[in-house]
Each structure stands twice: as C-alpha cells, then as structure tokens.
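Colleague: next comes the sequence, and after it the predicted model I'd like to discuss.
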Amino acid sequence: MSKTILITGAGSGFGKGAAIGMAKNGHNIIATCQVSPMVTALRNEVEALGLADRVRVERLDLTDPYDIRQAQGWDFDILWNNAGQGEPGPVWEIPVDIVRRNFEINVFLPLTLTQGVVQKWVREGKSQGKKVVFTSSMGGLFTPANWGTYVSTKHALESIAEALQQELAAYGIKIQTINPGAYYTGYNETMADNPFRWLDDSENITKRADLRKGFDDFFATPEGRMDPKEMIERMIEIVPADTGKFRNVCPKVIEDMLKDHQLKAWENQI
C-alpha cells in the first residue's frame, strides 16, 4: 500500500537515497532539505529521474519555527526524523554551548516537530496506522571516546523513542528507530572536522594532531568506510513498513558488536 512519507534531511546521504528509492517503489515522498539551494538541486534531480509526480521537495530548516509549523500542517502517513548533525571531540573539553546546540538540532527540534505532528493526528482522529521513525545511530547504544556529545544526543533519542512507543500505542501510532553503522556518506567524515574549529593547542590539553590521528585511524578501517548502499536499501524497506522491529541496527556485524558491548557493560570496572 502506498504511503505518504515526510523526510527531514533528505537533501543528501541516507535521506536522499531512501527518498528516491521509496518513490520508485510507489510511495509519495515529501523530501525536505535544510537550505534552498538543496531544494532546487533535489527538485532538478527527481525531475530528471521522472519522479516529480511522487517526490515533492520542500525546505524545512528545523531551526526555523515557521518551517516547523508549516510542515506540521502537511498531510502524511509517516514522519521520518532523519536530519541531524554531530559534534565530536573530547567531552571534557568541548565548549558546552556546542553541546547544547547539538542537543537542540538532534533532540529538541525533532521532538518539537514530532509533538505537533502526533498531537494533530490524535486530535483529528487520524492516528491509527501512522508512524514516526527516528534515524538514531550505532552510537545511540554505546559511547566511543571522543564522540560523546554526538552519541549522547542519540542516546536521548533512543529514550524518547522508547517512551513515545509506549505512550502512543493506544492511539495506533507506531515508533521505530534505525541505527546505522559508520557508513561512508560524508556525514561522519565531515562531522570529524568539527572539533578543529574550537580545539586549540595553546588552550586545550587534547592535542589536535592526536585527535585527528584517532579519527583518521578509524576511517581507515573497513568499519569506518562501509558502502551506504546496503543501509539505504534497508531504509527503503523499513520506513514504509507496517510491521518490523522497533530497533533496526545495520549491518548485522555492528548489531552483534553492540549486543556484546551491552552485556560486558554489566561487568565494566572503574
């Protein structure tokens, strides 16, 4: 059955790939992008693909309350909160205002959008069969050093999603998370550049070269450069589906790693 799906952060990466894939499968997509040039580029791309009748491209900057209010008035079956950003770096030295901003983008603003959408569905008596999906992360389920700020926002999203699942079940609204590994979309690699705009060898104890080497070493491993095609194909299946798991970690090797990590956490020593 064809669904209408609103996607935030559809201008690139997973969101864009899955938007096009789901449209090819017959779903109607409201693909939203943060800035106007991304809107124009995506409109041109879907036109060239012959998908303009199935993909409506709009601007949705989550930091703009008028954009959020406008989106809350649109008619759709599934809200996919996919937009986000990341602020890595040592959590004991990162400026706290940057931590706050990361929580604003990844947690508070998606929650604001979601609250308005689900309340509207319930008040209008249209909530049965609706669904909200959150793009979380493998980092929502464990905490590697120097990624603490970013992954703490994903931990918060995991908790919010679990609460929403219990609170909204009576209204027929389904909640789901998708937890990608470190796929090579450009998102993680550019995120790793962010600390170097504030990390200063003359002020901070953590040295820039040491932090950069740690990031570069990770992205040089197979787990740091996985082909996103696999994840996009899974998202094309997961997001429109009426059934499935609440939590969807991809790939399987990362799911197994996380389960092992969580078991060992009970025996973790100080």
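Modeller: That came through, no problem. Numbers count the residues shown, from 1 in each chain.
Colleague: now do the strands in the chain.
Modeller: Assigned by DSSP state E, the strands in the chain fall at 4-7, 28-33, 55-59, 78-81, 131-135, 174-180, 247-250.
Colleague: so which elements touch the third one?
Modeller: Just to be clear, that refers to strand 55-59. helix 13-24, strand 28-33, helix 36-48 (3 or more C-beta pairs under 8 Å, 6 or more residues apart in numbering; DSSP states H and E). In this view, the C-beta of every residue, glycine as well, is placed from N, C-alpha and C.
Colleague: ok, V99 - contacts?
Modeller: By C-beta atoms under 8 Å, 6 or more residues apart in numbering, the residues touching V99 are E87, V91, T149.
Colleague: in the helix or strand of the chain with the lowest mean pLDDT, what's buried?
Modeller: Counting by mean pLDDT, DSSP states H and E, the weakest-scoring helix or strand in the chain turns out to be helix 187-191, with a mean of 87. Of the residues in helix 187-191, Y187, N188, M191 count as buried by neighbour count, 16 or more other C-beta atoms under 10 Å.
Colleague: how about the last one, nearest residue that isn't a chain neighbour?
Modeller: Here the nearest residue to M191 in space, its sequence neighbours aside, is G86; by C-beta to C-beta, 6 or more residues apart in numbering that works out to 3.8 Å.
Colleague: re the thing from before, and the helices and strands packed on strand 55-59: which comes nearest N268?
Modeller: helix 13-24 (31.4 Å; C-beta to C-beta).
Colleague: show me how far the closest one is from its chain's centre.
Modeller: With C-alpha atoms, centre = their mean, to the nearest Å as the basis, helix 13-24 stands 14 Å off its chain's centre.
Colleague: and it, what does it pack onto?
Modeller: Here helix 13-24 touches strand 4-7, strand 28-33, helix 36-48, strand 55-59, helix 228-238, going by 3+ C-beta pairs under 8 Å, 6+ apart.
Colleague: now do 7 Å
Modeller: strand 4-7, strand 28-33, helix 228-238 (3 or more C-beta pairs under 7 Å, 6 or more residues apart in numbering; DSSP states H and E).
Colleague: any chance of TSV for these, columns mean pLDDT and distance to V122?
Modeller: What follows is the helices and strands packed on helix 13-24, written out as TSV (pLDDT from 0 to 100; distance: least, C-beta to C-beta, whole Å):
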stretch	mean pLDDT	distance to V122
strand 4-7	98	17
strand 28-33	98	20
helix 228-238	96	24
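Colleague: re the thing from before, K229: which of the buried residues of helix 187-191 is nearest?
Modeller: Within the buried residues of helix 187-191, the smallest distance to K229 is 14.9 Å, found for Y187 (C-beta to C-beta).
Colleague: could you give the bridge partners of the residue lying closest to Q176 once chain neighbours are set aside?
Modeller: Using C-beta to C-beta, 6+ apart and skipping the chain neighbours, the partner closest in space to Q176 is V133 (4.8 Å). Taking DSSP bridges as the rule, V133 bridges to W80, Q176.
Colleague: ok, so what distance separates V133 from K264?
Modeller: Counting by C-beta to C-beta, to the nearest Å, the separation of V133 from K264 is 29 Å.
Colleague: who has more neighbours, those two?
Modeller: Neighbours were counted for V133 and for K264 using other C-beta atoms under 10 Å; V133 has more, 24 against 9.
Colleague: rewinding a little: mind listing what the residue nearest to Q176 touches?
Modeller: Each residue near V133 by C-beta atoms under 7 Å, 6 or more residues apart in numbering is listed here: I78, W80, N81, Q176, I178, V239.
Colleague: with pLDDT, distance to H155 and neighbour count as added columns, please give these in TSV.
Modeller: Shown next, in TSV, are those (pLDDT from 0 to 100; distance: C-beta to C-beta, whole Å; neighbours: other C-beta atoms under 10 Å):
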residue	pLDDT	distance to H155	neighbour count
I78	98	24	23
W80	98	20	31
N81	98	15	26
Q176	98	17	21
I178	98	15	23
V239	98	22	25
